[in-house]
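In: Please work out how this folds:
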Amino acid sequence: MTAIRGKVAVITGAGSGIGRALAYDFARRGARLAISDVDPGGLAESAQHVRVIGASVHEQRLDVTDRAAVLAYADAVATEFGAVHIVVNNAGIAFTGDVEAMTFEQIERVMDVDFWGVVNGTKAFLPHLIASGDGHLVNVSSLFGLLAMPSQSAYNAAKFAVRGFTESLRQELLIAGHPVRVTCVHPGGIKTAIARNACAVEGRDAGQLAEFFDSRLARTSADSAAKSIARAVIGNRPRAVVGLDAKALDLFVRLVGPAYQRAFAWCAGRVMPRADGATVAPVAPVAPVTERPTVSA
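Out: Coordinates of the predicted model:
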């Protein structure tokens, strides 16, 4: 795919954040859009702005964990537009909590939205992407699909799973010779509402955690992230690491290997807000790396 103009693009989680910015970006590039979100108010606002830009748009409230609804949605979009060329599985939620404190249900909820939502969207739309003769699937993972962080185990699990699922699928499509390109996206700290809408285990202040993310970690605008994703689609790139923070931390992990875990634990213990407003006892800093591990893709 060398152009987005005239293509039919499907974007989940388009009621805010990266999904909304991507809808605006694709609309300005001349795409026809099918956008969805679980939040009808945010979705309506996005759809209204897309129409002002001049794009035709199909909007529908959609819970990506509802497999039957996603399958029906894919058929409805293909019927309305006649084809589907680009699918961006972007919908996701965040959750903070240590494994010891989280319930099984809390972990399952993150996996249902962040992983199974991607699987549902992929399976539902893949036949339509193949039939288009010029398809592109974009699955949004995270920087936390490239490295792990304390208190993010459920989110890490989902985003690592998205990465593995997407990279395996890409290889399968290459073997089969299907006309569908695949990109896995790994955003870093993006200025969106995901942290403000996130939940946390009992005893952790979700508002304090959101303030920490917004003030200390979110460095890239949603518009900038959308442009990076659009360039990845146009350039048929298998991976898009979005934001200077994501690129720097990805490189750091590649260079030091598993030693990054102790370094991150030490840093997180010093700066991340805890249940009592304090920080955890610092872990001993990582020892110097004496050998440079092999860097793999």
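In: Show me what the biggest helix by length in the chain is packed against.
Out: Across the chain, the helix with the greatest residue count (assigned by DSSP state H) is helix 153-176. On a contact count with 3 or more CB pairs under 8 Å, 6 or more residues apart in numbering; DSSP states H and E, helix 153-176 meets helix 104-111, helix 117-132, strand 135-140, strand 180-187. Using the backbone N, CA and C atoms, a C-beta is placed for each residue, glycine as well.
In: Can you list the buried residues in it?
Out: By neighbour count on 16 or more other CB atoms under 10 Å, the buried set for helix 153-176 is 153-163, 165-167, 169-170, 173.
In: Point to the residue nearest the middle of this structure.
Out: Val140 (3.1 Å; CA atoms, centre = their mean).
In: next SSE after the lowest-mean-pLDDT helix or strand in the chain?
Out: Every helix and strand in the chain was compared by mean pLDDT, DSSP states H and E; the lowest is helix 206-212, with a mean of 53. Sequence order places strand 220-221 as the next helix or strand after helix 206-212, per DSSP states H and E.
In: how about the CA coordinates for the helix or strand just after that next one, as CSV?
Out: Next helix or strand after strand 220-221 toward the C-terminus (DSSP H and E): helix 222-234. Only the C-alpha atoms of helix 222-234 are listed here, as CSV (Å, rounded to 0.1, in the frame of the first residue of the first chain):
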residue,chain,number,x,y,z
ALA,A,222,-1.7,11.8,19.7
ASP,A,223,-1.5,13.7,16.4
SER,A,224,2.2,12.9,16.1
ALA,A,225,1.5,9.2,17.0
ALA,A,226,-1.1,9.1,14.3
LYS,A,227,1.3,10.5,11.7
SER,A,228,3.8,7.8,12.6
ILE,A,229,1.3,5.1,12.2
ALA,A,230,0.1,6.5,8.8
ARG,A,231,3.7,6.5,7.6
ALA,A,232,4.1,2.9,8.7
VAL,A,233,1.1,1.9,6.7
ILE,A,234,2.2,3.8,3.6
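In: So for helix 222-234, what gets flagged as buried?
Out: 222, 225-226, 228-230, 232-233.
In: Show me what the mean pLDDT comes to for the very next helix or strand once past that helix.
Out: For helix 222-234, the succeeding helix or strand toward the C-terminus, using DSSP H and E, is strand 239-242. In this model, strand 239-242 has an average pLDDT of 97.
In: same check, this time on stretch 150-166
Out: 97.
In: okay, it in CSV with CA atoms only?
Out: Presented in CSV, the C-alpha positions along stretch 150-166 are these (Å, rounded to 0.1, in the frame of the first residue of the first chain):
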residue,chain,number,x,y,z
PRO,A,150,6.3,-3.4,37.7
SER,A,151,2.6,-3.0,38.4
GLN,A,152,1.8,-3.5,34.7
SER,A,153,1.8,-7.3,34.5
ALA,A,154,-1.7,-7.6,33.1
TYR,A,155,-1.2,-4.8,30.6
ASN,A,156,2.3,-6.3,29.7
ALA,A,157,0.8,-9.7,29.2
ALA,A,158,-1.9,-8.4,26.9
LYS,A,159,0.5,-6.2,24.9
PHE,A,160,3.2,-8.9,24.6
ALA,A,161,0.5,-11.2,23.4
VAL,A,162,-0.6,-8.7,20.7
ARG,A,163,3.0,-8.5,19.5
GLY,A,164,3.4,-12.3,19.3
PHE,A,165,0.0,-12.8,17.7
THR,A,166,0.6,-10.0,15.1
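In: about what we covered before: closest to Leu43 out of the helices and strands packed on helix 153-176?
Out: Closest approach to Leu43 among the helices and strands packed on helix 153-176 (CB to CB): helix 117-132, 15.6 Å.
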